[in-house]
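Asker: Build the 3D model from these lines:
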Amino acid sequence: MLRFYPTRGVQWMHAVYYDIYDEIHEPMHFMKFYEMMDYWSQERSELGFEFDEDDPDDDADIDRLSLNEHKFNIIPEDERLAFMLGRVVSPKILFHARIAEPLIEKEAKGVRFFKITEYEFGMELQ
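Answerer: Below is the predicted model of the structure:
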């Protein structure tokens, strides 16, 4: 469903995979994130260590994420349904609730979703 939206910074590609018996499985799709979005709030996010915003090579270690509403809201919603967060140590892929909720309801395998407001560092490891 996401591939039908003009999502910024994401390229959709048709994909197939071969199982251990060399059988082809499709239809599959591959999401390539070619642009990272610096949409997080440096003031409201809780960082694991000091971050130098003036150093283009420095990435933040975020323990609790808060989005920068000014940067975020100027992008039309259909263009930010999925994006890779930029300027962070471990790039995170964020999905809008319009995308995440149907996948949660269908009990999608291989992916876990956390609401930004409820996420705490390390939840993904549990």
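Asker: The most centrally placed residue in the chain and residue 25, how far apart?
Answerer: In the chain, the residue lying closest to the centroid (CA atoms, centre = their mean) is residue 93, at 1.3 Å. Separation of residue 93 from residue 25 (CB to CB, to the nearest Å): 22 Å. C-beta: built from backbone N, CA, C; applies to glycine.
Asker: And residue 62, by the same measure?
Answerer: Distance of residue 62 to residue 25, given as CB to CB: 35 Å.
Asker: Which phi and psi values does residue 59 adopt?
Answerer: Dihedral pair for residue 59: phi -120, psi 150, per degrees, to the nearest 10.
Asker: no wait, residue 98
Answerer: Dihedral angles (degrees, to the nearest 10) for residue 98: phi -60, psi -30.
Asker: Also residue 70?
Answerer: The phi/psi pair for residue 70 (degrees, to the nearest 10) is phi -60, psi -50.
Asker: What is the neighbour count of it?
Answerer: Close neighbours of residue 70, defined as other CB atoms under 10 Å, add up to 9.
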